[in-house]
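Asker: Here's a sequence, model it:
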Amino acid sequence: MFRLRQNGRCPARVPAGSLTAYARGEEQNKALESGFQVHIAKPFSAVEFVNAVAALTGKSQNRP
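Answerer: Numbering: from 1, shown residues only. Now for the predicted structure:
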């Protein structure tokens, strides 16, 4: 797994989400440990994607 924040190329203030086909808990943990704030596994709904982007940008999106 790419170390997003540890290689010095990506400042900690840049929001980052992981979009992947790997849905297991350990894959989510790896993504979050690598510096991603959000992990979304495919297939995902439009609502799930919008909520993830909202979380990354600090916007509130609580629609079902």
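
Asker: these two touch, right, S18 and K42?
Answerer: No. If you go by C-beta atoms under 8 Å, S18 and K42 don't touch, sitting 11.0 Å apart. For the C-beta atoms, the positions are set from N, CA and C on the backbone; glycine is no exception.

Asker: higher neighbour count, those two?
Answerer: S18 (22 against 9; other C-beta atoms under 10 Å).

Asker: Tell me the secondary structure of that one, please.
Answerer: When classified by DSSP: H, G, I helix; E, B strand; the rest coil, S18 comes out as strand.

Asker: so it bridges to which residues?
Answerer: Judged by DSSP bridges, the bridge partners of S18 are H39.

Asker: do you know how far it is from N51?
Answerer: 15 Å (C-beta to C-beta, to the nearest Å).

Asker: Could you do T20 as well?
Answerer: Going from T20 to N51 by C-beta to C-beta gives 17 Å.

Asker: Between these two, which has more neighbouring residues?
Answerer: Taking neighbours as other C-beta under 10 Å, T20 and N51 compare with N51 leading, 19 against 15.

Asker: Assumed that one was part of a helix.
Answerer: Yes. Counting by three-state DSSP, N51 is found in a helix.

Asker: Need the per-residue pLDDT for it.
Answerer: With respect to pLDDT, N51 has a value of 92.

Asker: same thing with the one 10 residues further on?
Answerer: Reading off the per-residue confidence, Q61 sits at a pLDDT of 57.

Asker: got it, and P15?
Answerer: For P15, the pLDDT comes out at 85.

Asker: Tell me where the model's unsure across this structure.
Answerer: Low-confidence segments of the chain (pLDDT under 70): 1-12, 60-64.

Asker: all strands in it, in order from the N-terminus.
Answerer: Remark: strands assigned in the chain by DSSP state E are 17-20, 38-41.

Asker: helices and strands around the last one, which ones?
Answerer: Right, the one you point to is strand 38-41. Where contact means 3 or more C-beta pairs under 8 Å, 6 or more residues apart in numbering; DSSP states H and E, strand 38-41 is packed against strand 17-20, helix 25-33, helix 46-57.

Asker: For H39, give me its contacts.
Answerer: Contacts here follow C-beta atoms under 8 Å, 6 or more residues apart in numbering; on that basis H39 touches 17-18, 20, 27-28, 31-32.
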